[in-house]
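Undergrad: Turn this into a model:
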Amino acid sequence: GRVQVFDNSGVFLRSMGSKGIGPGQFQQPLGVTVGAGGEILVADCERNDVQVLNRQGMHVQTIGSDGQSRVELLGASGVAVDRHGRVFVGCNKSACVMMLS
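TA: Now for the predicted structure:
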């Protein structure tokens, strides 16, 4: 799995990440959003986590399974950030949406 970046015209610019289980790697990335500071959040259904990448695509933080938080994101399939910086994660295996602040 990887995240691909395109410009507004649809021209491919670069990809971020690779398939795997380490920081900055993905198994089944299903949701992506951009935070207020330009950070990229990627929800991975197979890894049960959300990875935060900087604008250059470098791993900053993992939320979920093996990350710095104690939250369990079973089947993380969607992610959004509101104007207050709260992160919302849709989890299809636990049939819920979690709000993280």
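
Undergrad: Could you list the low-pLDDT ranges of the protein?
TA: 66-69 (pLDDT under 70).

Undergrad: Need phi/psi at the spatially most central residue of the chain.
TA: When Cα atoms, centre = their mean is applied to the chain, the residue found nearest the centroid is residue 42 (1.5 Å). Phi and psi for residue 42, reported as degrees, to the nearest 10, are phi -120, psi 120.

Undergrad: Check the gap between it and residue 89 for me.
TA: Separation of residue 42 from residue 89 (Cβ to Cβ, to the nearest Å): 11 Å. Bear in mind the C-beta positions are built from the backbone N, C-alpha and C, glycine included.

Undergrad: between the two, what contacts are shared?
TA: 31, 50, 79 (Cβ atoms under 8 Å, 6 or more residues apart in numbering).

Undergrad: The helix or strand hosting the last one: how far from the chain's middle?
TA: Element membership of residue 79 [criterion: DSSP states H and E] is strand 76-81. Using Cα atoms, centre = their mean, to the nearest Å, we find the averaged C-alpha position of strand 76-81 to lie 7 Å away from the chain's own average C-alpha position.

Undergrad: Next SSE downstream of that strand?
TA: Heading C-terminal from strand 76-81 (DSSP H and E), you reach strand 87-91.

Undergrad: if we can go back for a sec, hmm, who's touching the strand holding residue 79?
TA: 30-36, 41-45, 47-50, 64, 87-92.

Undergrad: Nice, that's everything, thank you.
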